[in-house]
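*Asks:* need a structure here:
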Amino acid sequence: MRRCLFSFFQKVRRTSVNGVIPYLREMNFVSVMFRLILAMVCGGMIGLERGRKRRPAGFRTYMLVCLGAALTMLLSQYEFAMVMGPWNGIAQELGMKTDVSRFGAQVINGIGFLGAGTILVTGRQEVKGLTTAAGLWASACMGLAIGAGFYECVVLCTVLIFLCMRFLPAFENYLVERARFINIYVEFRSLDDLGSIISRIKSQGARICDVDINRGRTERSINPNAVFAIRLQQKQPHTQVLTAIAALDSVYTIDEV
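*Replies:* Model (predicted):
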């Protein structure tokens, strides 16, 4: 690893940007590490914007999907290079003419049913399990890389996935708690109280983007309830808005979703 990094920085010194980019397109340890980290960063940036707007797929979900897709592409290039090189004799002996990356593609498609089974929509219109599904898919991609013997990529990807699942939730929660977009589940006495709840929300300097109203008397809830998609005009603690709505006598339950 030290030799690869040393040769990379030596090449950066001697060549211009036009020389570095072709080097990063080659299959070497530095290139693999750069691609995986770049995929993680780019996916995280898109997911961060979605997460701040309180969308179901957020920071870590986008990051894991982008990381798994990059790993899959690297695996295809690795398999092609191995079939044309060290595995060439075995491939000719077996008469293998098909694209070996197609076997992995079937696994990646088939893992979808497991991911779908982990995604749930709660009675409060809250989507759960997307990050778990993305982690399953990324783990399937990593299993393919292990089976192909792409050990360098597997080690890097394992570290990045563990980092994403173990240490980034606190960072994601920190950003989401200070976001201007917020979804609130409110359970109240009757539909006649809906106007007072809307007035209280607007009094907090917030704009209501969407409302999903449930009249109640169902298996989910016997009381009327609604999910408000709200945009705050300025950065303020979400608990301040929740406390103001909860102060109404007609409100039974309130929760941020």
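
*Asks:* So which residues of the stretch 101-250 of the chain form helices?
*Replies:* Along the stretch 101-250 of the chain, counting by DSSP state H, counting those that start in this stretch, helices occupy 101-110, 112-118, 130-148, 151-166, 168-177, 194-203, 238-246.

*Asks:* so which of these is the most packed in?
*Replies:* Counting by mean count of other C-beta atoms under 10 Å, helix 130-148 has the highest mean neighbour count of these, with a mean of 20. Quick note: C-beta positions are derived from backbone N, CA and C, even for glycine.

*Asks:* got the angle between that helix and helix 168-177?
*Replies:* 150 degrees (axes from the mean of the first three to the mean of the last three C-alpha atoms, to 10 degrees).

*Asks:* Tell me how far helix 130-148 lies from the chain's centre.
*Replies:* Here helix 130-148 is found 13 Å from its chain centre; the criterion is C-alpha atoms, centre = their mean, to the nearest Å.

*Asks:* Please read off the pLDDT at Q125 from the model.
*Replies:* We have a pLDDT of 63 for Q125.

*Asks:* rewinding a little: got CSV for the helices of the stretch 101-250 of the chain, with mean pLDDT too?
*Replies:* Output for the helices of the stretch 101-250 of the chain, formatted as CSV (pLDDT from 0 to 100):
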stretch, mean pLDDT
helix 101-110, 68
helix 112-118, 71
helix 130-148, 83
helix 151-166, 86
helix 168-177, 77
helix 194-203, 89
helix 238-246, 86
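
*Asks:* The ones you listed into a markdown table, with extra columns for distance to A229?
*Replies:* Formatted as a markdown table, these follow (distance: least, C-beta to C-beta, whole Å):
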| stretch | distance to A229 |
| --- | --- |
| helix 101-110 | 34 |
| helix 112-118 | 25 |
| helix 130-148 | 18 |
| helix 151-166 | 27 |
| helix 168-177 | 14 |
| helix 194-203 | 11 |
| helix 238-246 | 13 |
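
*Asks:* Any idea which of these gets closest to N214?
*Replies:* Minimum separation from N214 across the helices of the stretch 101-250 of the chain (C-beta to C-beta) falls at helix 194-203, 11.5 Å.

*Asks:* Can you give the contact residues for that closest one?
*Replies:* Residues outside helix 194-203 that contact it (C-beta atoms under 8 Å, 6 or more residues apart in numbering) are 186, 188, 208, 213, 224, 226, 228, 230, 241, 244-245, 247-248, 250-251.

*Asks:* tell me the contacts of C164?
*Replies:* In this structure, C164 makes contact with 40, 60, 63-64, 67, judged by C-beta under 8 Å, 6+ apart.

*Asks:* cutoff 6 Å now
*Replies:* 60, 63 (C-beta atoms under 6 Å, 6 or more residues apart in numbering).

*Asks:* L168 now?
*Replies:* Applying C-beta under 6 Å, 6+ apart to L168 gives the contacts R60.
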